[in-house]
Each structure stands twice: as structure tokens, then as C-alpha cells.
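> this one's sequence-less:
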């Protein structure tokens, strides 16, 4: 499907290319059909400082996902088990209400499988006065063609880069092609946005932030990600190194993931941060203290706090 197509053509929007007829009510690999489901819409204070600022980012959490990350902190909505159905017009109104609430931006969380409908909703909202930057907050597992279609719609890409190791990508996210897909998608993101732009308050207006969540026992993968990002893009992007991995009880039920049943240690995280500094990385965000707490995970109560 190309941008703007909301019909019954086979869906090959994401790298899974499952080809289901979402417009006819079939659910794709993303666990979603053509209807838009939103699990939460509210001001969110826990993004990077240049995204949340002092007022909060206007986040909209969408249900469903095309990855199968065994450690997903938003499992309830990624598995499509939570969400309220909204129309494109209602979604555009949510964007406008977040703006009225004082949001620093409109932050689309896991939006890729709804991007056609979202593009339409953003267009409607802009026609009614939306003036905030639009943040695409995704997993990095997107087709470069889909990213290319976001030129003129998305201002900031807040994207994950989870793996350089194909075996880890298969084991933890059922996506062995993740590294290649993420590389191509990121190249398109950087091409679209160009150099980062900030306002007088230090809030990002345009640019790319790449997040990497350090997994316990996987410093090597983290260092390979940082090395690739810095050697490829230098200071054109910002790198966000995250230590907030949370070991959920459900992982202990499967011995295949026993290595994930603990938090990241301070020593592990500092080793990755030191590696980034030694490489020459300067445009970076790091986390301090114990952020691996379930209390940091939003409550997906279907309450649109706008």
C-alpha cells in the first residue's frame, strides 16, 4: 500500500509483507486490521529532554506491532490486547487536544502499521490548526519506502536500533533481517530530516534520535550498534543509550530467555557509555540511576488524558 491507500489492497506496508487484506477485516502480522486502535493519549514526561522538555510530549500509543520482542515493556498493547477504536477524524482531534494541553510535540508511538491513516489524520489536524512538530517513535523495523513517504509529514524520528546481530534479532524479535532493514530505514530518516534543529528552549524541531536499549549480557551487540551509528552518521544524529531494561516475570517461564531475567548492571551500562565516549560520540543521551522499574511504564487504561 502507498500512502493514502486505505482500501482493500493486500498489505505489504512493513518488512513482513504478510499481504493480508486488512481493509476487509483481516489482521496482519502486526495483529491489526484497518481500524485504528489507540491505547493511550497523554502528556508524557519520560522521553529524552529535547522531546519531553518541561511540558511533556503529546504521546499517542497505538495498539499492535510488527515485531515480537520477548522483552517488550508495552506488551499489552503490542500484542493488540488493549486499545480503543478511533476514526481518522477522532485521531486528528486527539492531536489538536494534545496541542491545546500544551504538548511540546505530537509523538506517534509504534505508528508504522497505521501510517496511512495517521498521515490522513495529521493532514486533517493541520488544516484545523495543528502546528507542533510530529515525532515518529518507532522500532526501526520499517521499509525505507514507507519512511520516504513521510517526508513533509514527520519532523523528528525517534527510532530504535535494537540489533546488529541477526541471531539476536531472530531470537528476541523474530526478525533476522532487522539489522539490514533498520540500516536502510535510518538512512532514509536522516536524508529526510537533514541536520538537527532546536528552538531557543533546546527542544528539537527537526532531526533524528536513535535509541539503543542495552540488554543484559549483550554489551557486544550494543557496542556494534554504537560503532555503526557513529561511523556512519557522526554528529548528524543523536544517540540515546538506555539502561531501563525491565525483566518481566513472564520471561522466567521460558528457559531459552534465562539471560534476560535480570537487570542490566551498572558496570555493563558504563562500559557501553565509555565505549561511545572513546569513539568520539558527543551528541548522546544517557540515563542515570535505576530506571528499570515497571512504574516507569505508562498505564494503558484507554483513558485519553487530553
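All right, it came through fine. Computed from a predicted structure; not experimentally measured. Numbering: from 1, shown residues only.
> From the opening residue of stretch 121-132 to its closing one, how far?
With CA to CA, to the nearest Å as the measure, stretch 121-132 spans 14 Å from end to end.
> Check what contacts it and list those residues.
Stretch 121-132 is contacted by residues 58, 88-89, 91-93, 95-96, 98-99, 103-106, 134, 153 when judged by CB atoms under 8 Å, 6 or more residues apart in numbering. Heads up, the C-betas are built off the backbone N, CA and C, glycines and all.
> Just give me the closest of those residues to residue 287.
residue 104 (19.7 Å; CB to CB).
> so what's the closest one up against?
By CB under 8 Å, 6+ apart, the contact list for residue 104 reads 51, 52, 53, 55, 56, 57, 58, 132, 133, 203.
> The first one - nearest residue in space that isn't next to it in sequence?
Spatially, and ignoring its direct neighbours in sequence, residue 51 is nearest to residue 57 (5.1 Å; CB to CB, 6 or more residues apart in numbering).
> Would you check how far apart the one you found and residue 248 are?
24 Å (CB to CB, to the nearest Å).
> ok, now residue 39?
18 Å.
> More neighbours: which of the two?
Taking other CB atoms under 10 Å, residue 39 and residue 248 do not tie; residue 39 has more neighbours (27 against 16).
> And the pLDDT for that one?
pLDDT recorded at residue 39 is 94.
> Show me how far the lowest-mean-pLDDT helix or strand in the chain is from its chain's centre.
Within the chain, no helix or strand scores below helix 75-78, which has a mean of 84 by mean pLDDT, DSSP states H and E. Taking CA atoms, centre = their mean, to the nearest Å, one finds helix 75-78 lying 13 Å from the centre of the chain it belongs to.
> Give the next helix or strand downstream of it.
Remark: after helix 75-78, the chain's next helix or strand is strand 84-86, criterion DSSP states H and E.
> Can you give me the buried ones in that next one?
Of the residues in strand 84-86, residue 86 count as buried by neighbour count, 16 or more other CB atoms under 10 Å.
> Can you list the helices and strands that the helix or strand where residue 146 lies packs against?
Using DSSP H and E, residue 146 sits in helix 144-148. With contacts taken as 3 or more CB pairs under 8 Å, 6 or more residues apart in numbering; DSSP states H and E, helix 144-148 sits against helix 178-193.
> buried sites along the helix it packs on?
Under the neighbour-count criterion of 16+ other CB under 10 Å, helix 178-193 has 178-179, 181-186, 188-190, 192-193 buried.
> ok, now stretch 155-171?
Buried residues in stretch 155-171 (16+ other CB under 10 Å): 155-165, 168-169.
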